[in-house]
Each structure stands twice: as structure tokens, then as C-alpha cells.
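# return a 3D structure for these sequence lines:
(one chain, ligands or ions: 1)
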Amino acid sequence: MGQCPACKKKFVINHGKIHYIGGLFALKTAGDLYQCRCCHLFFRHPYLSESMLKKAYESIDIGSWFYHDREDFRLARRVIDLACEKGDILDIGCFRGDFLYSLPKKHAYYGIEPSPDAREDAKAKGICLIAETIQELDNNDMKFDVITMLDVIEHLPDPYAALQKVTKSLKPKGVLIIATGNTNALPWRIMRLNYWYYFSEHVSFFNKKWFQWICKKMNLEILQVQKFSHFDKSIFIRLRQLLEAAVYALLNSCNSQKIFYRILIKIYPFNRAKTWKEAPKTNAWKDHILVVLRKNS
Ligand SMILES: [Zn+2]
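This is a model prediction of the structure:
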């Protein structure tokens with residue numbers, strides 16, 4: 001892989017093979033994790049082709065995702081309350097329409113969703129489905145006051161091309177709200193190849209610097225970047241998760257043939273970590289970001 005899918009530059013670093021953890025659909029290989037030195041995107045390669053990916057999403061079971069009242073929903077609702085008195089709101093990857101349905105009834109709601117079963121559920125909630133994929137936005141002249149992409153952008157193999165289309169569909173001064181994982185979160189940096197977030201459906205991974213880069217490329221400005229967790233827990237649980245991650249990462253970085261490793265695995269907690277079948281999860285950390293972008297007029 002010589003080229004970044006976003007900026008198309010060849011300044012990419014290969015971090016090595018991603019630990020396979022499965023997900024909504026199977027992959028032949030978990031692929032390698034790459035980092036672009038130019039635009040700061042992290043990405044998985046190789047990955048499914050566009051047509052294979054569309055097929056995979058069309059066939060997923062709509063009970064696969066449990067939509068409780070998530071933290072990103074709450075944060076996005078607050079942004080919409082402040083940004084828009086009454087307007088047209090588009091949710092990309094709206095799935096069953098749960099997020100839009102949780103908003104006040106004063107707005108008009110639109111969705112983009114590839115899963116036929118989920119589309120039916122969204123329609124039943126009064127949401128107007130305008131497309132199955134972002135590519136179809138090219139054939140739609142509608143402009144929106146607010147566009148949301150909540151846990152969606154990490155599913156897109158070419159996020160830059162997608163955001164170009166999305167930005168064109170915003171009204172001047174319109175607001176784009178994106179929630180996704182943050183590669184700059186401390187536990188993610190410790191567990192670079194073993195992070196709990198590498199589900200098969202996640203292909204692109206982001207950080208604040210990438211959003212600053214796209215703002216320079218597109219007519220956007222960052223209004224807000226807020227860290228959050230989908231599984232917020234006490235400081236004690238967060239510290240325990242971080243410690244487990246550090247122990248696991250240190251053990252995995254040692255050569256098992258060397259004397260240092262043989263001494264280490266006799267000492268607590270490394271003697272325990274040696275028996276762990278899976279990498280520890282650090283999902284109580286605020287390892288996601290909600291990014292609010294405004295289109296300049
Ligand atoms: Zn790049």
C-alpha cells in the first residue's frame with residue numbers, strides 16, 4: 001500500500017498486522033494498519049471493494065446494533081438545539097432512524113441508509129430516505145442545515161471523497177456533526193494494533209489533526225471537538241483498563257525467547273497477562289470524539 005486513500009500522498013507508515021477481532025461481517029484478512037504522515041489518517045489495507053462492502057451492509061441483521069440513548073446522540077442533540085431553530089436535518093447512516101426520532105418534532109428529517117430492513121423501520125418513524133449511499137448525493141440537489149454522521153465515517157474506505165459530497169449538501173453556515181473513534185486517545189496509542197475498536201466494519205481511523213487538515217481542503221471550520229466514551233465508567237475502572245493495556249502491550253513487545261521475557265512472566269501482573277486470550281478492552285476511556293464543523297459561506 002503506497003498511497004493514502006484521503007490525500008493520495010505516498011508518505012505512509014505501515015504499523016503492522018491488525019489483530020483480527022471479527023465484526024458485522026467476515027474479512028479474509030484483518031489487513032495492516034497504515035498511518036498517513038501528510039493528512040494524519042489511519043487506515044486498514046487491504047479491505048473489501050466498494051461493491052462487496054455495499055453487499056455486506058445490505059445483508060446485515062438490523063438487530064445487530066443496539067441503539068440505547070448513546071452519549072454521541074446526547075452531545076449531537078445539544079449541538080443541534082443551539083445551532084438550528086427549525087431546519088432540514090440529514091442523518092447519514094441513519095439505520096433505523098433512532099437518532100432522528102429522538103430529536104424535537106419541529107425539524108424536517110432525512111436519512112441515508114443502505115440496509116433495506118433498517119430503511120423500512122426509519123420510514124415508519126416518519127423519516128424521508130433520500131439515498132442508500134453517500135455516492136447518490138451527487139444526484140440530489142437538496143441542501144441541509146445540519147448533517148450528522150454518528151459512528152459512520154470509520155466505515156468509509158475513502159472518507160475524503162465522502163466528505164466532499166457531504167459538504168456540498170450543506171447550506172452555507174450549515175453544521176456537520178461527526179462522531180468517531182480518536183486514534184490519539186492514550187490507550188489507543190498504547191494498543192496500536194490490538195485496539196478493541198478494529199471491528200471488521202471499521203476501515204478508517206481519525207484524530208483532530210485529520211479534521212484540521214480537511215478544513216483547509218474544504219470550506220469548513222472546526223467549532224468544537226469533544227471527547228467522549230460510549231461506555232463511560234468510574235476513574236477506577238478507567239485506570240484498571242489502562243494498566244491492563246500497558247501490561248499487555250509491554251508483554252507483547254518482548255521477544256518470548258529472551259531472558260527478560262522469561263523473568264517478566266513470573267511476576268504479577270505479567271504472569272496473569274500471559275494467559276489472556278484476548279487483548280484487554282479500554283472502552284471506558286474517552287476514546288471517541290464528536291467534531292462539529294461549520295461550512296463557511
Ligand atoms: Zn493522507
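# quick check: His291 vs Asn182, distance?
For residue 291 the amino acid is Val, not His. Look at Val291 and Asn182: by C-beta to C-beta, to the nearest Å, they are 9 Å apart. C-beta: built from backbone N, CA, C; applies to glycine.
# which residues are in contact with both of these two?
Residues touching both Val291 and Asn182 comprise Lys208, with contact defined as C-beta atoms under 8 Å, 6 or more residues apart in numbering.
# wait, what's in contact with Val291?
Per C-beta under 8 Å, 6+ apart, neighbours of Val291: 177-180, 208, 211, 222, 224-225.
# count of neighbours near Lys123?
15 (other C-beta atoms under 10 Å).
# look up the closest residue to it, ignoring the ones flanking it.
Leu129 (6.1 Å; C-beta to C-beta, 6 or more residues apart in numbering).
# which of the contacts of Val291 sits closest to Phe231?
Ala179 (14.1 Å; C-beta to C-beta).
# now stretch 276-289: how far from the chain's centre is it?
Taking C-alpha atoms, centre = their mean, to the nearest Å, one finds the center of stretch 276-289 at 14 Å from the center of the full chain.
# cool, stretch 40-53 as well?
The chain centroid and the centroid of stretch 40-53 are separated by 13 Å under C-alpha atoms, centre = their mean.
# repeat for stretch 178-188
Worked out by C-alpha atoms, centre = their mean, stretch 178-188 lies 8 Å from the chain centre.
# now the end-to-end length of it.
One end of stretch 178-188 sits 19 Å from the other (C-alpha to C-alpha, to the nearest Å).
# now that stretch: average pLDDT?
Averaging the model's pLDDT scores along stretch 178-188 yields 97.
# please apply the same query to stretch 201-221.
Across stretch 201-221, the per-residue pLDDT values average to 97.
# can you check stretch 34-44 too?
pLDDT averaged over stretch 34-44 gives 98.
# how long is it end to end?
6 Å.
# what residues sit buried inside the longest helix seen in the chain?
The helix spanning the most residues in the chain, taking DSSP state H as the definition, is helix 235-253. Neighbour-count burial for helix 235-253 flags 238, 241-242, 244-249, 251 (criterion: 16 or more other C-beta atoms under 10 Å).
# which residues touch that helix?
So helix 235-253 is contacted by 186-187, 190-191, 194, 261, 264-265, 269-270, 273-274, 276, 279-285 (C-beta under 8 Å, 6+ apart).
# how far is that helix from where the chain is centred?
Worked out by C-alpha atoms, centre = their mean, helix 235-253 lies 22 Å from the chain centre.
# tell me the first helix or strand C-terminal of that helix.
Following helix 235-253 in sequence order, the next helix or strand is helix 259-264 (DSSP states H and E).
# just the pLDDT for the closest residue to the ion within the stretch 51-200 of the chain.
Residue nearest to the ion within the stretch 51-200 of the chain: Tyr160 (8.1 Å; C-beta to the ion). On the pLDDT scale, Tyr160 is placed at 97.
# and the one 3 residues further on, by the same measure?
According to the model's per-residue confidence, Leu163 sits at a pLDDT of 98.
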